[in-house]
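Colleague: Let me see the structure of the following:
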Amino acid sequence: MSRGDVIVIGAGHNGLACALLLARGGRKVVVLERRDRIGGIAASEEFHPGYHSAGLFAEANRVLPTTLARLGLEAHGLRVRPERPGILALGSGGKGIFIDPSTGLRAGSSTSSAAVSQRDADAYPRFRAALDRYAEILKSFLSEPALDLVKVESNGPLDMLRRAWRVRRLGKSEMLELLRLPAMSVADLLSEWFETDLLKAALALPAISGTWLGPRSPSTALNYLLWEATAGPGVAGGGPALVAALEKAARAAGVEIRTSATVERVSVVDGSVRGVVLAGGEEIAAATVAAACDPKQALLSLLEPGTIPYRLERSIQGFRTRGTTAQVLLALTAPPRFAARPDGAVELARTGAHLDDLERAFDAVKYRRMSEKPILEIHVPSVATPGLAPAGGAVVSVLVHFAPYELEGGWNDALRECLGDQVVAMLEGHNPGLAKSVAARQVLTPADLAARYALPQGHPHHGEHSLDQWLVRPTPECGRYATPVPGLFLCSSGVHPGGGLTCGPGTLAADAILAS
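Modeller: Just a heads-up that it's a prediction; the model follows:
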């Protein structure tokens with residue numbers, strides 16, 4: 001039987017971040033990864049000879065500067081991009097709007113000069129300025145543990161006062177505005193600022209990406225604000241570069257990383273953690289286990305029945321993880337050229353000409369159907385990282401919203417190919433000739449994502465982003481990383497501050513473990 005101080009289950013970005021900080025804190029750490037490679041959803045994989053993906057999320061622009069500073073990854077080769085990439089909003093008839101977070105709005109091409117109203121062009125800088133003011137406050141909340149809603153007294157009056165003062169410093173008018181927004185729909189929020197349908201649809205997508213919500217659903221404005229709070233320039237090389245730097249830093253700190261090591265059970269003796277048992281029977285002893293897998297797997301699958309209280313078991317079962325995202329990877333022999341921006345390289349584009357398009361796409365999943373016109377989030381990671389494709393080629397990663405995990409009748413090869421055909425046809429409408437340049441494609445339905453990455457119901461965030469699941473994530477009993485089982489902690493996207501390539505859950509969980 002081997003031994004360590006802490007075992008981390010899962011070598012994704014959160015597991016590696018947690019392991020790194022624990023090792024720097026003097027703990028002997030072993031990371032166990034069930035796959036033959038590390039990185040989880042941020043891992044790069046060759047899906048056609050010479051063509052590599054950049055992971056599920058092709059951009060890694062949500063790691064907060066404070067988190068990067070704590071991890072110290074620049075010493076291990078990580079570089080921050082100079083600026084945040086712009087977004088091409090794709091409308092009908094070859095029209096589009098290029099949204100530059102720094103310089104504002106402009107038409108995608110000379111054929112679409114009327115796509116942006118003057119009123120919206122003038123309003124956008126003010127909108128960005130307001131978001132930036134709110135983002136500073138929200139970043140501070142996302143970079144520290146959530147409030148303990150079970151043991152309220154443990155939060156401390158000074159901590160509560162400090163958090164309240166951040167909001168009060170906005171001034172009465174803006175403080176009331178910020179307090180008004182979270183319960184709103186993103187459609188209502190954007191309609192207060194803008195009148196151009198295509199612009200509103202493009203801006204709204206992050207608020208509903210990976211959710212079971214439409215743009216007119218309450219609390220989607222909160223999703224949008226939190227996404228904007230963490231969206232920055234990103235790191236050069238995306239998720240794979242982030243993972244590579246985390247691995248180098250973790251190994252340098254003394255972390256042992258084992259791949260093809262599937263944890264079958266967390267050992268609990270006399271009510272406390274004693275280690276883990278791997279598939280095949282190998283036992284590794286440790287007084288602390290940090291689960292970077294999703295909360296349902298950690299608490300319902302890896303523990304013996306009856307280990308946790310029945311009430312907690314029911315709460316975890318009720319934690320919503322309904323996956324609605326698929327991925328289509330395209331290997332192209334030539335870079336895409338969108339009709340709305342023929343003379344410029346496009347790194348990020350979104351479809352949906354109207355908020356109603358997003359709402360209708362969401363409507364289909366309520367009835368376990370695939371949308372007839374899904375919303376596409378199109379990433380071309382080979383623009384910033386040319387090495388992902390051979391010379392002259394390109395890699396396109398398309399996140400497809402909404403594709404239900406619980407599709408009526410289930411997913412099969414025929415439906416998988418149908419989804420791929422649908423995506424290519426939609427892209428062809430914005431990029432005539434693209435279909436002829438497709439050398440290969442890989443279609444990953446939510447069921448495929450669940451199997452490949454051990455995502456609950458294929459959900460990339462380990463749990464839906466909604467108002468109730470932001471306030472307590474995943475449950476009040478586990479909202480601050482520790483669980484009712486002494487020695488067992490959660491450090492995945494299923495805990496605060498949520499999903500995406502942020503490394504936030506991993507770093508904050510490490511703090512909780514070191515303080516225990």
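Colleague: and the protein, what are its domains?
Modeller: 2-79+236-319+474-515, 127-230 (automatic domain parsing).
Colleague: where do the helices sit along the stretch 301-450 of the chain?
Modeller: For the stretch 301-450 of the chain, applying DSSP state H, counting those that start in this stretch gives helices covering 310-317, 355-366, 413-430, 446-453.
Colleague: Residue 77: which of those helices is closest?
Modeller: helix 446-453 (24.7 Å; Cβ to Cβ). Using the backbone N, CA and C atoms, a C-beta is placed for each residue, glycine as well.
Colleague: And that closest one, what's buried?
Modeller: 446-450, 452-453 (16 or more other Cβ atoms under 10 Å).
Colleague: now swap in stretch 126-142 and tell me
Modeller: 127-128, 131, 134-135, 137-142.
Colleague: Distance-wise, check residue 512 relative to residue 31.
Modeller: 18 Å (Cβ to Cβ, to the nearest Å).
Colleague: what about the two, which has more around it?
Modeller: residue 31 (31 against 18; other Cβ atoms under 10 Å).
Colleague: doesn't the more buried one fall inside a strand?
Modeller: Yes. Secondary structure of residue 31 (DSSP: H, G, I helix; E, B strand; the rest coil): part of a strand.
Colleague: so what's residue 59 closest to, chain neighbours aside?
Modeller: Nearest residue to residue 59 in three dimensions, chain neighbours excluded: residue 234, at 5.4 Å (Cβ to Cβ, 6 or more residues apart in numbering).
Colleague: And the strands in the stretch 101-250 of the chain?
Modeller: Here the stretch 101-250 of the chain has its strands, by DSSP state E, counting those that start in this stretch, at 104-107.
Colleague: which intervals of it have sub-threshold pLDDT?
Modeller: 106-114, 148-165 (pLDDT under 70).
Colleague: if we can go back for a sec, now render the domains of the chain as TSV, adding distance to residue 390.
Modeller: Listed next are the domains of the chain as TSV, based on distance: least, Cβ to Cβ, whole Å:
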stretch	distance to residue 390
domain 2-79+236-319+474-515	4
domain 127-230	30
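Colleague: Just name the most buried of these.
Modeller: domain 2-79+236-319+474-515 (a mean of 21; mean count of other Cβ atoms under 10 Å).
Colleague: how far out from the middle of the chain is that domain?
Modeller: In terms of Cα atoms, centre = their mean, to the nearest Å, the centre of domain 2-79+236-319+474-515 is set 15 Å apart from its chain centre.
Colleague: cool, and stretch 318-332?
Modeller: That offset, for stretch 318-332, works out to 11 Å (Cα atoms, centre = their mean).
Colleague: now do the same end-to-end measure for that stretch.
Modeller: In stretch 318-332, first residue to last residue: 42 Å (Cα to Cα, to the nearest Å).
Colleague: What residues sit buried inside that stretch?
Modeller: For stretch 318-332, by 16+ other Cβ under 10 Å, it's 319-332.
Colleague: which of the residues you listed sit farthest apart?
Modeller: Among the buried residues of stretch 318-332, 319 and 332 lie farthest apart (Cβ to Cβ), at 38.7 Å.
Colleague: what's near enough to touch residue 272?
Modeller: 287, 485-487 (Cβ atoms under 8 Å, 6 or more residues apart in numbering).
Colleague: Model confidence at it, what's the number?
Modeller: pLDDT, residue 272: 96.
Colleague: still on that earlier bit, the residue nearest to residue 59: neighbouring residues, count only.
Modeller: Count around residue 234 with other Cβ under 10 Å applied: 22.
Colleague: Same list (the helices of the stretch 301-450 of the chain) but as TSV, adding mean pLDDT.
Modeller: Formatted as TSV, these follow (pLDDT from 0 to 100):
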stretch	mean pLDDT
helix 310-317	96
helix 355-366	96
helix 413-430	97
helix 446-453	97
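Colleague: Just tell me which of the ones you listed ends up closest to residue 238.
Modeller: Using Cβ to Cβ, the nearest of these to residue 238 is helix 446-453, at 16.4 Å.
Colleague: downstream neighbour of the closest one in the secondary structure list?
Modeller: Once the chain leaves helix 446-453, the next helix or strand it forms, by DSSP states H and E, is helix 467-471.
Colleague: Now do the buried residues in that following helix.
Modeller: 467, 469-470.
Colleague: tell me which of the residues you listed is nearest to residue 299?
Modeller: residue 469 (15.6 Å).
Colleague: Read off the pLDDT value for that closest one.
Modeller: 94.
Colleague: for it, what are its contacts?
Modeller: 319-320, 463.
Colleague: Now pLDDT and distance to residue 355 too, for these, in a markdown table please.
Modeller: Output for the contacts of residue 469, formatted as a markdown table (pLDDT from 0 to 100; distance: Cβ to Cβ, whole Å):
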| residue | pLDDT | distance to residue 355 |
| --- | --- | --- |
| 319 | 97 | 29 |
| 320 | 97 | 23 |
| 463 | 97 | 25 |
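Colleague: so residue 376 sits right up against residue 350, yeah?
Modeller: Yes. The pair residue 376 / residue 350 is scored as a contact, 7.0 Å apart, by Cβ atoms under 8 Å.
Colleague: Compare the two and say which is more crowded by neighbours.
Modeller: With neighbours defined as other Cβ under 10 Å, residue 376 and residue 350 compare such that residue 350 has more, 25 against 22.
Colleague: what about the nearest residue to that one once chain neighbours are set aside, distance to residue 118?
Modeller: Take residue 350 and drop its neighbours on the chain: the residue closest to it by Cβ to Cβ, 6+ apart is residue 202, 4.8 Å away. Using Cβ to Cβ, residue 202 is found at 18 Å from residue 118.
Colleague: And for residue 137?
Modeller: Distance from residue 137 to residue 118, by Cβ to Cβ: 31 Å.
Colleague: now residue 355
Modeller: 21 Å.
Colleague: quick one: which of those two has more around it?
Modeller: Applying other Cβ under 10 Å to residue 355 and residue 118 shows that residue 355 carries more neighbours, namely 22 against 7.
Colleague: Next up, the contacts around that one.
Modeller: Here residue 355 is in contact with 187, 190, 197, 200-201, 204, 215-216 (criterion: Cβ under 8 Å, 6+ apart).
Colleague: With residue 215 instead?
Modeller: Applying Cβ under 8 Å, 6+ apart, the residues near residue 215 are 185-187, 201, 204, 207-208, 355, 358-359, 362.
Colleague: Could you work out the most separated pair of those residues?
Modeller: 185 and 201 (13.4 Å).
Colleague: what's the burial count for the closest residue to residue 320 other than its chain neighbours?
Modeller: Excluding its sequence neighbours, the residue lying closest to residue 320 (Cβ to Cβ, 6+ apart) is residue 464, at 4.6 Å. Here the number of neighbours of residue 464 (other Cβ under 10 Å) works out to 24.
Colleague: Was I right to think residue 25 contacts residue 512?
Modeller: No. Counting by Cβ under 8 Å, residue 25 does not reach residue 512; the two are 11.6 Å apart.
Colleague: separation between residue 391 and residue 333?
Modeller: From residue 391 to residue 333 the distance is 11 Å (Cβ to Cβ).
Colleague: Please say which of those two ends up with more neighbours.
Modeller: residue 333 (14 against 7).
Colleague: Would you mind measuring from that one to residue 382?
Modeller: On the measure of Cβ to Cβ, residue 333 and residue 382 end up 12 Å apart.
Colleague: any shared contact partners between these two?
Modeller: Joint contacts of residue 333 and residue 382 (Cβ under 8 Å, 6+ apart) are residue 393.
Colleague: For the strand or helix carrying residue 20, enumerate the helices and strands it packs against.
Modeller: Following DSSP H and E, one finds residue 20 within helix 13-24. Contacts defined by 3 or more Cβ pairs under 8 Å, 6 or more residues apart in numbering; DSSP states H and E place helix 13-24 against strand 6-9, strand 29-32, helix 65-71, helix 238-252, strand 288-291, helix 504-515.
Colleague: ok now do the nearest residue to residue 502 once chain neighbours are set aside, which residues does it touch?
Modeller: Excluding the flanking residues, the one nearest residue 502 by Cβ to Cβ, 6+ apart is residue 62, at 4.9 Å. By Cβ under 8 Å, 6+ apart, the residues touching residue 62 are 227, 230-232, 234, 500-502.
Colleague: Sweet, I'm off.
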